[in-house]
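[1] using only what follows, build the 3D model:
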Amino acid sequence: MNWHPSIIGNFFLVTTLFAVIVAYRASRRIFPGKDFLVLFIGSAAVWTLTSALEWYSVEAETKAFWSQLSYIGIVNVSPAWLCYSLVYCGYPQLLTQRNLLLLWIIPAVTLALALTNSWHGLNWPAYYMVEHPLGNYMFYEHGPSFWVLTVYCYIVNITYSVLMVRQSRRLYASFRMQSLILFFTVSLPWIGNILYNARIVTVIDLTPAAFTVTGALLLWNMQQFRLFDITPIAREQLFAEFRQIAIVLDAQQRVVDMNPFALNSFSFARSPIGKPVGEVFPFWPQLLSFLRADNIAELELKLEHQGEPEWYLVSRTPLTKQRGSASGTLLICRNITMQKQRDDEREMLIAELQEALASVKTLGGLLPICASCKKIRDDEGYWSQVEQYIAKHTDAKFTHGICPDCGKKALEEYYRAKQQKVTS
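    Presented below is the predicted three-dimensional model:
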């Protein structure tokens, strides 16, 4: 193999360096879909490296050889990015083993046809070298397998582009920028690819060239916005399944997100995202007063909802940007109506018990009592019958009867007195 210097080859080599750095940085982090994203960036690195080696090569057959090897990266870029987009946008359940196998059938077949093109010419029926001031380059006539892969890649690219656009509309304001940057960076190579396949640009395939910008933007995005630290799929799943009312406001007190539980709780037919909080909750003036009181972090608020009073424990958490400036507020509203009802019932029961206890008179201490007649002396020195004393100092009432012992004694005295009367 003979080599010669090439400006375009150097350009592609720098592109490869960017892609390798981004792939390494991504592999060192933990986030959903990491393996697919690393595969995407690694495939881009293979594509740009083989493009650089093609430009450095002198002979036509050597250039064609590197072009064949470039398909190791080319066929994996689109499906790998689609898989990452599905995870990122909340559809990881679609990535079953069967679906992954189906997704990679066309790329695998195309790779095999590209590597064995000299036997059948289905990928490139013909190719030849063209002289150019920037360096000699290869012009390839495209065969059936090339166009099948091209259509497949465009379908996949449109699919993940739609996913990313839809996702960007559902995210926080900060996450929306994250998704739009991702969409923009991955769109650049396909713009270059369209220009190349349409023969608008023939000297250089702008697809791997666009990866220079893609790699740089991804690397910058990782550093500036901490791209992979929090992924929307984690936030989406948490927010959607959260069983309390969660409302996100921006710095201008506009609603930027609201979880499904909140939408159902307030019977909102449409999402109020983008509207001022005062316009969304005109029926809850206490909430608006709470938001204006910056020194209160948590408060119990009453809401007349559908004719029934409801109580909510509302807490707020300030949201800040990376540099510490305020970006909004997270409101969590927990329905405590049942708890308030139980508290009210407990307070009523306590009040009733206290009232009952207040009406009860009790006796205590030492009571002076006569050992013979059983009269009790009061605090004023008067002697009273036991029942009189107790009735005076308590709410007890007496019903008079006679015990068995006294009844027996009374009968004995009665018959004794009667017998004495008869004998006399």
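
[2] hmm, residue 374 is touching residue 387, no?
    No: taking contacts as CB atoms under 8 Å, residue 374 lies outside contact range of residue 387: 10.3 Å. For every residue, glycine as well, the C-beta is placed using N, CA and C.

[3] neighbour count for the two, which is higher?
    Legend: neighbour count by other CB atoms under 10 Å for residue 374 and residue 387, higher for residue 387 (13 against 9).

[4] let's verify the more buried one: helix, strand, or coil?
    Assigned state for residue 387: helix (three-state reduction, DSSP: H, G, I helix; E, B strand; the rest coil).

[5] got the contact list for it?
    residue 398 (CB atoms under 8 Å, 6 or more residues apart in numbering).

[6] distance of it relative to residue 398?
    5 Å (CB to CB, to the nearest Å).

[7] likewise residue 7?
    With CB to CB as the criterion, residue 7 and residue 398 are 120 Å apart.

[8] tell me the buried residues in stretch 144-151?
    145-146, 148-149 (16 or more other CB atoms under 10 Å).

[9] for the stretch 301-424 of the chain, which segments count as strands?
    Along the stretch 301-424 of the chain, the stretches classed as strands by DSSP state E, counting those that start in this stretch are 308-320, 326-335, 376-377, 383-384.

[10] with the chain instead?
    Assigned by DSSP state E, the strands in the chain fall at 126-130, 137-141, 245-250, 255-258, 298-305, 308-320, 326-335, 376-377, 383-384.

[11] burial check on residue 277, number of neighbours?
    Counted with other CB under 10 Å, the neighbours of residue 277 add up to 21.

[12] out of everything not next to it in sequence, what's closest to it?
    residue 253 (5.0 Å; CB to CB, 6 or more residues apart in numbering).

[13] burial check on the closest residue in space to residue 272 that isn't next to it in sequence, number of neighbours?
    Nearest non-adjacent residue to residue 272, counting by CB to CB, 6+ apart: residue 280, 4.4 Å away. As a burial measure, residue 280 scores 20 neighbours (other CB under 10 Å).

[14] likewise for residue 27?
    13.

[15] what do you get for the one 5 residues further on?
    A total of 18 residues lie near residue 32 under the criterion other CB under 10 Å.

[16] show me where the stretch 251-400 of the chain has helices.
    For the stretch 251-400 of the chain, the helices defined by DSSP state H, counting those that start in this stretch occupy 260-265, 277-280, 285-292, 337-358, 386-393.

[17] weakest of those helices in terms of mean pLDDT?
    Among those, helix 386-393 has the lowest mean pLDDT, at a mean of 73.

[18] report the separation between the closest residue to residue 390 other than its chain neighbours and residue 419.
    Distances taken as CB to CB, 6+ apart place residue 396 nearest to residue 390, at 5.6 Å, with adjacent residues excluded. The spacing between residue 396 and residue 419, counted by CB to CB, is 40 Å.

[19] repeat that for residue 128.
    Per CB to CB, residue 128 is found 156 Å from residue 419.

[20] let me see the mean pLDDT of stretch 21-32.
    For stretch 21-32, mean pLDDT rounds to 79.

[21] only alpha carbons, please: show that stretch as PDB.
    Extracted C-alpha coordinates of stretch 21-32, given in PDB (Å, rounded to 0.1, in the frame of the first residue of the first chain):
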ATOM      1  CA  ILE A  21     -13.200  11.000  22.700                       C
ATOM      2  CA  VAL A  22     -17.000  11.200  22.800                       C
ATOM      3  CA  ALA A  23     -17.400   7.500  22.800                       C
ATOM      4  CA  TYR A  24     -14.900   7.100  25.600                       C
ATOM      5  CA  ARG A  25     -16.600   9.800  27.700                       C
ATOM      6  CA  ALA A  26     -20.000   8.300  27.100                       C
ATOM      7  CA  SER A  27     -18.800   4.800  28.000                       C
ATOM      8  CA  ARG A  28     -17.600   6.100  31.400                       C
ATOM      9  CA  ARG A  29     -21.100   7.200  32.400                       C
ATOM     10  CA  ILE A  30     -24.100   5.300  33.500                       C
ATOM     11  CA  PHE A  31     -27.400   6.100  31.800                       C
ATOM     12  CA  PRO A  32     -30.200   4.300  29.900                       C
END
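
[22] hang on, the earlier thing: residue contacts, the residue nearest to residue 277?
    276-278, 291, 329.

[23] tell me the mean pLDDT for the lengthiest helix in the chain?
    Secondary structure of the chain per DSSP state H: the longest helix is helix 144-170. Averaging pLDDT along helix 144-170 gives 83.

[24] report the angle between it and strand 137-141.
    100 degrees (axes from the mean of the first three to the mean of the last three CA atoms, to 10 degrees).

[25] and helix 144-170, what other elements does it pack with?
    On a contact count with 3 or more CB pairs under 8 Å, 6 or more residues apart in numbering; DSSP states H and E, helix 144-170 meets helix 71-88, helix 105-115, helix 173-197, helix 232-241.

[26] low-confidence stretches in the stretch 301-424 of the chain?
    Residue ranges of the stretch 301-424 of the chain with pLDDT under 70: 305-306, 321-326, 356, 358-366, 395, 422, 424.

[27] give me that answer again for 80
    Filtered on pLDDT under 80, the stretch 301-424 of the chain yields the residue ranges 304-308, 319-328, 355-367, 369, 371-376, 378-382, 385-402, 405-424.

[28] now do the stretch 1-150 of the chain
    In the stretch 1-150 of the chain (pLDDT under 80), the answer is 1-2, 26, 29-33, 88-90, 132, 134.

[29] repeat that for the stretch 151-300 of the chain.
    Scanning the stretch 151-300 of the chain for pLDDT under 80 picks out 161, 164-242, 251, 256-257, 269-271, 273-274, 293-296.

[30] redo that, cut-off 90
    Scanning the stretch 151-300 of the chain for pLDDT under 90 picks out 153-154, 157-300.
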